[in-house]
Every structure is written in structure tokens, then in C-alpha cells.
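> Sequence first, predicted model second:
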Amino acid sequence: MKNSKQILGLFLMTVALMTSCQKDEHGDNDILDVTIERASPQDFTDLKATALENLKQTFQIDVDGSGTFTTQKGVEITINGSCLANNGNAVTGMVDVEVIELFDRGTMLATNKTTMGLSPTGGKELLVTGGEFFIEATQNGQLLQLICPMQVFVPTALTGGDDTGMTLWDGLIGMDCDIETGCDDVTWVEQKRNGLGAGIDIGQGAAGQSLYMALFNSFGWTNVDRFWNDPRPKTKLWAAVPEGFDNGNCALYLSYNGEAGSLANLDAYDPETGLFSEHTGIIPIGLECHVIFVSEDNGNWVYAINPVTIIADGTIVIEESDLSTTTESQLITMINALP
């Protein structure tokens, strides 16, 4: 398949040039011919773990008083002290709470927390998110258990406004992982109540802002989500990467044009052909998107961002010449700047 490669705009071109060049020791000349080293699986795993660590927020609450706090993005979380237990024992006093919140595809990619949900047929399909959350509570270093729901209010403006189709999903880490190191991907499984998806109310905050109002039943990963829909015929998609890369030291993602709150991944890998693919042939024919390759080199991100239009049974080829290096913050900015 011919790759449809276009310039991603002056900003992206400038960043790519800056981050793929190295200066000599005198700083006088640019050396454009830079060899990309092949990462070890552990180095690639550590790079994603660092990105996740950089997003952690910590709070302290007094479970004998108010257990409400607000995140950097304006999400309000309330944990009732009576809902916390330490191996069956009641908890009193100060508790440490750790939160990670993801709303954009740049941070989803850097942390490998995409929006792929388990479908009723057992496959994986793209989700549209209203926010991905990791919440955990500890006291004196001991993990606590949540024995009744915590209240979470999420501003709908963070993901484009009200969406009445949103439900709650639990995140399973490494569900279909077949590698020894780096099983850090997430698959979302819809919560069910009386056989139906766990619905989410939309209400107003004190300042009049629109909110998703939800009750999270457990610590760990929870997502406010719904399935993405497209009526076009579907196809399976394959991708080839440069020699020396495989599912242990690189990853491939799909950024759909117009869907800033979604990120798909090509997480199925055939070691015999060296090709990546998605699981069940659910990519719309004619879809305009960007295929994103990432790996690690000397603590930096290796990346390629190639615009494509999906054709039936197509194979996308990532060339060695497509690869550049950049920092975590620059990569996130580039991904979030995609259409």
C-alpha cells in the first residue's frame, strides 16, 4: 500500500527537524544522519512508566472530616471515610490518595493507556472517552480497599461537552499481553448493573459548569466512555516496522482525525511476519487517520507520525527514514496537535 505522507504543518516539521538533529562538540554543524538505536524491552517499558509517574497527583484527606478534593483538571472526588478499609479494619485519620487523569491522546499514548474497549463479541473496539482515571488510597504505605462507592464529578468541557451515551468501564492491564516485559496496556470492560451499562448522570456544578456525575465502585483504573460508531465498511489493517523492532520494544497507534478523545492501538503482533495489526478487522475503509510509531533511544522517544487513508486489507510501512527522536513533552504536544 502506498503511504499517504503529508507535512503535518510547520510546527510539527520544525519540531521533527529540531529533535532529529544533533550538534557536534563545537555546536557549529548539524549532523542529520543520526542512527536510531534499538531499545531493549525494559528501556521502552521504563520510558512509559516515567510518563505515567509524571502525571501522578497526590492528595491527603482526613477521613474523619471532609474527604473531598479537586484535581488539576477540575475533577472533584469525594471519598467517604466509612467506605475505606484496611484488610477489613476501619480507617481513621489521614489518608494519602494518588490520582492519574487522562483526557487527551498525547498522554494516553505516552502512558500506553489507549481507548480500546471489549466488545460484546469478545473483540476490541474504539471508545470515545470522557476521562480515564487511576485512583488509589494508602495509609502508612498500606493499600486501602474501597467498600462503597466514591463520588466523582468530571467537567464535560474537558472532552468536548455533554455526551448522554457515556457509561463506566473498568481497566484491565495486560489483558492480551504475550511479552515478558512491558505488559502495561489497558483494555476497558463495561460495568454492568442489572444487565445494562452503568449509566452516568449529567448535572451542573456550583459554578454552573456541566458535569458527568458518577459513582466509582473500586480503586484502580476507571473510564467514562462509550463505543465510537462509524457506518462505513470495515477492514483489517497491518503495519510493518523497521528491522530490529517488535512488540517488545515499540508500539503502534492510530489517531483518528476528528476524535481528540480517542486513541487506538495495533496491539496484535505476528512474530513470523513481523507485522502489527488490530484484532478483529474493525477499521473503517476511507478513514483518515495518523499511524504513530514509538520506541525508546537513550532516554528519549523515537517516533514516526504518518498520515494515511485506510484502504481494504492495506499494509502501512514505517520506514527507517521516518524515525526521529524527541522528548516526552514534545511528543505529547505533537500528538495533541493532530487533527
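Received the coordinates, thanks. Remember, predicted model here, so these are calculated numbers, not experimental data.

> Centroid-nearest residue for the chain?
M108 (2.3 Å; Cα atoms, centre = their mean).

> Helix or strand for that one, just tell me which one.
Assigned by DSSP states H and E, M108 falls within helix 105-111.

> Mind giving me the packing neighbours of that helix?
In this structure, helix 105-111 makes packing contacts with helix 41-53, strand 94-102, helix 328-336, judged by 3 or more Cβ pairs under 8 Å, 6 or more residues apart in numbering; DSSP states H and E. Bear in mind the C-beta positions are built from the backbone N, C-alpha and C, glycine included.

> N257 contacts C289, doesn't it?
Yes: under the contact definition of Cβ atoms under 8 Å, N257 touches C289, with a separation of 5.8 Å.

> pLDDT at G27, what is it?
G27 is assigned 33 on the pLDDT scale.

> and the residue nearest to the centre of the chain, what is it in contact with?
For M108, the residues meeting the contact criterion (Cβ atoms under 8 Å, 6 or more residues apart in numbering) are L102, T114, T115, E132, L263.

> what about it, distance to L144?
Remark: distance between M108 and L144 (Cβ to Cβ, to the nearest Å) = 27 Å.

> T70 now?
For T70, the distance to L144 under the criterion Cβ to Cβ works out to 20 Å.

> More neighbours: which of these two?
Between T70 and L144, counted using other Cβ atoms under 10 Å, the more crowded position is L144 (22 against 11).

> Give me the phi and psi for the more buried one.
Main-chain dihedrals, L144, degrees, to the nearest 10: phi -100, psi 160.

> Could you check the helices and strands packed on helix 105-111 and tell me which one is nearest F153?
Distances from F153 to each of those were compared by Cβ to Cβ, and the smallest falls on strand 94-102, at 12.5 Å.

> Buried ones in the closest one, by neighbour count?
V95, V97, V99, I100, E101, L102 (16 or more other Cβ atoms under 10 Å).

> Show me which of those is closest to L127.
Top of the list for closeness to L127, among the buried residues of strand 94-102 and by Cβ to Cβ, is L102 at 12.3 Å.

> gap between the residue nearest to the centre of the chain and I79?
25 Å.

> okay, now the domains of the protein?
10-50+231-336, 55-227 (automatic domain parsing).

> Between those domains, which has the poorest mean confidence score?
Within the domains of the chain, the stretch with the lowest mean pLDDT is domain 10-50+231-336, showing a mean of 86.

> Could you tell me how far that domain lies from the centre of the chain?
Remark: domain 10-50+231-336 is offset 14 Å from the chain centroid, using Cα atoms, centre = their mean, to the nearest Å.

> ok, now stretch 75-89?
Taking the mean C-alpha point of stretch 75-89 and that of its whole chain, the gap between them comes to 27 Å (Cα atoms, centre = their mean).

> go on, stretch 133-143?
Distance of stretch 133-143 from its chain centroid, counting by Cα atoms, centre = their mean, is 21 Å.

> Same question for stretch 138-150.
Averaging C-alpha positions (Cα atoms, centre = their mean) puts stretch 138-150 25 Å from its chain's average.

> What distance separates the opening and closing residues of that stretch?
Counting by Cα to Cα, to the nearest Å, you get 15 Å between the two ends of stretch 138-150.

> buried ones in it?
Of the residues in stretch 138-150, those scored as buried under the neighbour-count criterion (16+ other Cβ under 10 Å) are Q139, L144, L146, M150.

> farthest pair in those?
Every pair in the buried residues of stretch 138-150 was compared (Cβ to Cβ); the two farthest apart turn out to be Q139 and M150, at 15.6 Å.

> still on that earlier bit, among the buried residues of stretch 138-150, which ones are in helices?
Residues of the buried residues of stretch 138-150 located in helices (DSSP state H): none.

> and those residues, which of them are in strands?
When strands are assigned by DSSP state E, the members of these inside them are Q139, L146, M150.

> To what extent is Q204 buried, counted in neighbours?
Residues lying near Q204 (other Cβ under 10 Å) number 11.

> ugh, wrong one, I meant G197
Neighbourhood size, G197 [other Cβ under 10 Å]: 17.

> State whether it and T167 are indeed in contact, as I suppose.
Yes: with contacts counted by Cβ under 8 Å, G197 reaches T167, the gap being 3.6 Å.

> Between the two, which contacts overlap?
By the contact definition Cβ under 8 Å, 6+ apart, G197 and T167 are jointly contacted by E190, Q191.

> For stretch 198-210, buried residues please.
By neighbour count, with 16+ other Cβ under 10 Å as the criterion, the buried positions of stretch 198-210 are A198, I200.

> end-to-end on it?
19 Å.

> what distance separates that stretch from the middle of the whole chain?
Put simply, stretch 198-210 sits 24 Å off its chain's centre (Cα atoms, centre = their mean).
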